[in-house]
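> Predicted model follows, preceded by the sequence.
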Amino acid sequence: MTLDRAVFIFAGLVVLASVTLGHFVSPWWLLLGAFAGVNMIQAAFTGFCPAAMVFRKLGVPPGAAFR
């Protein structure tokens, strides 16, 4: 698994968790999904992604997007 795939999987899990928690617990959890979306947009423009930094430190090999 490359760093790109790890970041995409993590972002997808955060969005799914946000929707699930927003439905069953409180609508305020939808803000977590909004945060994930905003973070993905800013990472596309700046190349800075905190999740990629964490996965890199965990030893996940780099992919094409996050070097």
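Okay, I see it.
> Every contact and neighbour count from this point should use C-alpha atoms.
Fine.
> Skipping adjacent residues, who's closest to Gln42 in space?
Phe48 (7.6 Å; C-alpha to C-alpha, 6 or more residues apart in numbering).
> Backbone dihedrals for that neighbour, please?
The phi and psi values for Phe48, taken as degrees, to the nearest 10, are phi -100, psi 120.
> how far away is it from Met40?
9 Å (C-alpha to C-alpha, to the nearest Å).
> How many residues are close by the residue nearest to Gln42?
Phe48 is flanked by 14 other residues according to other C-alpha atoms under 10 Å.
> Could you shift the numbering so residue one becomes 41, and keep it that way?
With the count now opening at 41, the last piece we talked about shows up as Phe88.
> Tell me the buried residues in stretch 89-107?
91-92, 95-96, 100, 102, 106 (16 or more other C-alpha atoms under 10 Å).
> And those, which is closest to Ser58?
Nearest to Ser58, judged by C-alpha to C-alpha, of the buried residues of stretch 89-107 is Ala91 at 16.8 Å.
> got a list of what the residue nearest the centre of the chain touches?
Residue closest to the average C-alpha location in the chain (C-alpha atoms, centre = their mean): Ala51, at 2.8 Å. By C-alpha atoms under 8 Å, 6 or more residues apart in numbering, the contact set of Ala51 is Ala76.
> And for Pro101?
So Pro101 contacts 41-43 (C-alpha under 8 Å, 6+ apart).
> again, only using 6 Å
42-43 (C-alpha atoms under 6 Å, 6 or more residues apart in numbering).
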